[in-house]
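A.B. asks: Coordinates only, no sequence provided:
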């Protein structure tokens, strides 16, 4: 049960959407429908970057309006969607650039590019154009939602997503936007690889600790690692290296104990107490760690020098994972020093028993692309893995951005030999 007031939910989500440039000052609108039919919605023509809680409008079930402003001009299509889909209790509408690009080409993102985007968003619907704010637009969108879609691209307009809660509607919106950006980047690298039905049906393996039981006492070292994990997961989210539903970070606590991010917790709102202790392969009582837990444990057991592991979804590196293009780290010295040779693992390696990842990863080869499933990075500290992740994404982005300029010219073998001798002590 969510005890946060609808005004505050709308305010918080709009701030996130605007901060990541997924809408403009005047564009986009959010709403929440209560059990009694009342609808809370953003106001018309107000700066989305400085919205206050008392700006949010209440449209009562009888049609009367309470608030300081007029409700969004798109209120008709919100009401039409709610009428067509009684299961939906929240709606997100905005104009993120990647999804607008699809909308102006009369296309929708194929969410089969990632298991997560398929699982969270499903197939994407498409609603034909009608005048913004008109009854016709509401009918077009509602008709599309009535066919069972959770996400609908609007022709020459933007996107609408729905959910049982505003959090769920936002997660669908953010995940669809991420899939769209990944596809736009991947299409510059070559043919995009999509997942087959078996891969799409793969469900993340989520462990759960026993209902009762003890756990080792909390040391100051554990508290410090919890703080670091929270800080760098939030930074990863802010840097758009993770999305709210995806990404895991862990840190070794002892020989067979580590701390890891939980399953199903919004990455931007993570707290130290949310982090899960895994001791001898068993989560602490009543807790659900990330679906990457088995893989992280296998790596820690195989690689005693590894102190931290991160799974992430930076859009440019993920674009490489969705194609057969080679992510060549021989671009600038920093890239090669931090990344070494970037290798690949098959889809499913992250959520399996982790043995394939553990066999291939080492501090000499600390990066692995997982086909259609982002990246995994290992290192000697939480800061080290985050640093490598940032360098990886910057390298991937530079490689994609260089495409219009001509063929990439990597550093020569002589330069690589010189770097290896100077920084690694061997050729």
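C.D. replies: That came through, no problem. Computed from a predicted structure; not experimentally measured.

A.B. asks: in the stretch 1-150 of the chain, which spans are helices?
C.D. replies: Using DSSP state H, counting those that start in this stretch, the helices of the stretch 1-150 of the chain run over 6-19, 75-84, 97-103, 115-121, 135-146.

A.B. asks: Remind me what the third one packs against, helices and strands.
C.D. replies: I take that to be helix 97-103. strand 151-154, strand 158-163, helix 166-186 (3 or more Cβ pairs under 8 Å, 6 or more residues apart in numbering; DSSP states H and E). C-beta: built from backbone N, CA, C; applies to glycine.

A.B. asks: Could you report the neighbour count for residue 314?
C.D. replies: 25 (other Cβ atoms under 10 Å).

A.B. asks: Likewise for residue 135?
C.D. replies: Residue 135 has 12 nearby residues by other Cβ under 10 Å.

A.B. asks: One more: residue 281?
C.D. replies: Around residue 281 there are 13 residues (other Cβ under 10 Å).

A.B. asks: can you pull the pLDDT of it?
C.D. replies: Here, the pLDDT recorded for residue 281 equals 90.

A.B. asks: Over to it: give its phi and psi.
C.D. replies: When read as degrees, to the nearest 10, the backbone of residue 281 gives phi 80, psi 0.

A.B. asks: Distance of the residue positioned nearest the centre of the chain relative to residue 260?
C.D. replies: Centroid-nearest residue in the chain: residue 243, 2.1 Å away (criterion: Cα atoms, centre = their mean). To residue 260, residue 243 is 18 Å away according to Cβ to Cβ, to the nearest Å.

A.B. asks: go on, residue 298?
C.D. replies: For residue 298, the distance to residue 260 - Cβ to Cβ - is 13 Å.

A.B. asks: which residues in the stretch 251-400 of the chain form helices?
C.D. replies: Going by DSSP H, counting those that start in this stretch, the stretch 251-400 of the chain shows helices at 293-302, 315-321, 333-339, 355-360, 382-401.

A.B. asks: what does the second one rub up against?
C.D. replies: Think helix 315-321. Under the criterion Cβ atoms under 8 Å, 6 or more residues apart in numbering, residues 114, 178, 181-183, 185-186, 188-189, 240, 326-327, 344, 369-375, 392-393, 396-397, 399-400 lie in contact with helix 315-321.

A.B. asks: What subset of these is buried?
C.D. replies: Buried members of the contacts of helix 315-321, counted by 16 or more other Cβ atoms under 10 Å: 114, 178, 181-183, 185-186, 189, 327, 369-375, 392-393, 396-397, 399-400.

A.B. asks: Tell me which of the helices and strands packed on helix 97-103 lies nearest to residue 251.
C.D. replies: helix 166-186 (25.5 Å; Cβ to Cβ).

A.B. asks: Could I get the pLDDT score of the spatially closest residue to residue 139 that is not a sequence neighbour?
C.D. replies: Nearest non-adjacent residue to residue 139, counting by Cβ to Cβ, 6 or more residues apart in numbering: residue 80, 6.3 Å away. Looking at residue 80, its pLDDT stands at 97.

A.B. asks: ok, residue 80 to residue 160 distance?
C.D. replies: Relative to residue 160, and taking Cβ to Cβ, residue 80 is found at 11 Å.

A.B. asks: Now do the shared contacts for the two.
C.D. replies: residue 141.

A.B. asks: Which of these two has more residues huddled nearby?
C.D. replies: Ranked by neighbour count (other Cβ under 10 Å), residue 80 and residue 160 place residue 160 first, with 28 against 20.

A.B. asks: Confirm for me that that one is in contact with residue 90.
C.D. replies: No: checked against Cβ atoms under 8 Å, the pair residue 160 and residue 90 is beyond contact range at 11.2 Å.

A.B. asks: Which strand residues bridge the residue nearest to the centre of the chain?
C.D. replies: residue 246 (DSSP bridges).

A.B. asks: is it true that it touches residue 176?
C.D. replies: No: using Cβ under 8 Å, residue 243 is not in contact with residue 176, being 10.4 Å away.

A.B. asks: on that earlier part again, and the helices of the stretch 251-400 of the chain, which one is worst for confidence?
C.D. replies: helix 355-360 - the lowest mean pLDDT of these, at a mean of 87.

A.B. asks: which of the residues in that helix are buried?
C.D. replies: 356, 357, 358, 360.

A.B. asks: That helix packs against which elements?
C.D. replies: Short answer (3+ Cβ pairs under 8 Å, 6+ apart): helix 355-360 packs on helix 293-302, strand 343-345.

A.B. asks: tell me the most buried of those?
C.D. replies: When the helices and strands packed on helix 355-360 are scored by mean count of other Cβ atoms under 10 Å, the highest mean neighbour count falls to helix 293-302 (a mean of 23).

A.B. asks: what separates that helix from the chain centre, distance-wise?
C.D. replies: 23 Å (Cα atoms, centre = their mean, to the nearest Å).

A.B. asks: which secondary structure elements does it contact?
C.D. replies: Helix 293-302 is packed against strand 248-254, strand 257-260, strand 308-312, helix 355-360, with contacts defined by 3+ Cβ pairs under 8 Å, 6+ apart.

A.B. asks: Select, out of the ones you listed, the one closest to residue 98.
C.D. replies: strand 308-312 (18.7 Å).

A.B. asks: pLDDT of the closest one, averaged?
C.D. replies: 97.

A.B. asks: and residue 129, how many neighbours does it have?
C.D. replies: 14.

A.B. asks: In contact with the nearest residue to it once chain neighbours are set aside, which residues are there?
C.D. replies: Once flanking residues are discounted, residue 129 sits nearest to residue 155: 4.1 Å by Cβ to Cβ, 6+ apart. By Cβ under 8 Å, 6+ apart, the residues touching residue 155 are 103, 106, 126, 127, 128, 129.

A.B. asks: May I have the predicted confidence score for residue 155?
C.D. replies: pLDDT, residue 155: 96.

A.B. asks: do residue 427 as well
C.D. replies: Looking at residue 427, its pLDDT stands at 68.

A.B. asks: which secondary element of this structure has the worst mean pLDDT?
C.D. replies: Of all the helices and strands that make up the chain, helix 355-360 has the lowest average by mean pLDDT, DSSP states H and E, namely a mean of 87.

A.B. asks: which residues are in contact with that helix?
C.D. replies: 295, 298-299, 301-303, 343, 345-346, 349-350, 368, 376.
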